[in-house]
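Visitor: Output the structure for:
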Amino acid sequence: MPETSPTHSVESLYNHHHGWLHNWLRQRLGCPQQAADLAQDTFVRVLMRREPVTGTAARSLLSTIARGLLVDHWRRSALERAWLEAMAQLPEAYAPSPQEQQETLQTLEQIARMLEGLRSPVRQAFMLHQLGGLTHAQIAERLGVSSRTVERHVATALLHCYQLRYGAV
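Guide: Numbering: from 1, shown residues only. Alright, predicted model coming up:
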């Protein structure tokens, strides 16, 4: 009996479950092209795992990976919509070039991914401080917490970003 390699396992998984996954994603997205892209991304993630998948856990694994990709997709879409709305408010003379817009959007996506591991109050305090330019006292008043709590939240977020960027402290 020949050994089954992880690549063969993914091939079999793809052949048996791709149609189901594509339909599952299409129902959630309403767009067959986006569903096809996310289905392919799901199988790429499975391939990157380099571990064979057992038959009984296949759909569970695929739907878990696909759900994470859906959340990322929706988050990216919301961020892009907000960015485009903000750009639409600018006078044409101040609008960045399409390349600058794309670069800025990619940077915003990277920041969003970095901050997604933080609790909501920490993320909110950090964003108000870094992007909103508010002082700790102003943030404390807005969030209904002490300035010391805001200071801890901002420090926690900075440490989190540093650890993600440089690997460890």
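Visitor: Neighbours of residue 144, how many?
Guide: 7 (other CB atoms under 10 Å). Heads up, the C-betas are built off the backbone N, CA and C, glycines and all.
Visitor: Helices of the protein, start to end?
Guide: Using DSSP state H, the helices of the chain run over residues 6-29, 32-49, 58-89, 98-115, 120-130, 136-143, 147-166.
Visitor: any weak-confidence spans in the protein?
Guide: 1-9, 52, 54-56, 168-169 (pLDDT under 70).
Visitor: Tell me which residue is most central in it.
Guide: Taking CA atoms, centre = their mean, the centroid of the chain lies closest to residue 72, which sits 3.7 Å from it.
Visitor: hmm, back to that, pick the most buried one from the helices of the chain.
Guide: Per-stretch averages of neighbours, counted by mean count of other CB atoms under 10 Å, single out helix 120-130 among the helices of the chain, with a mean of 18.
Visitor: Show me what it is packed against.
Guide: Applying 3 or more CB pairs under 8 Å, 6 or more residues apart in numbering; DSSP states H and E, one finds that helix 120-130 contacts helix 98-115, helix 136-143, helix 147-166.
Visitor: Domains of the protein: list them as residue ranges, please.
Guide: 1-96, 117-169 (automatic domain parsing).
Visitor: how about those domains in JSON lines, adding distance to residue 102?
Guide: Compiled in JSON lines, these are given as follows (distance: least, CB to CB, whole Å):
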{"stretch": "domain 1-96", "distance to residue 102": "9"}
{"stretch": "domain 117-169", "distance to residue 102": "20"}
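Visitor: Tell me which of these lies nearest to residue 109.
Guide: Closest to residue 109 of the domains of the chain is domain 1-96 (CB to CB; 5.9 Å).
Visitor: Distance from the chain centre to that closest one, please.
Guide: Centre-to-centre, domain 1-96 and its host chain are 12 Å apart (CA atoms, centre = their mean, to the nearest Å).
Visitor: Much appreciated, bye for now.
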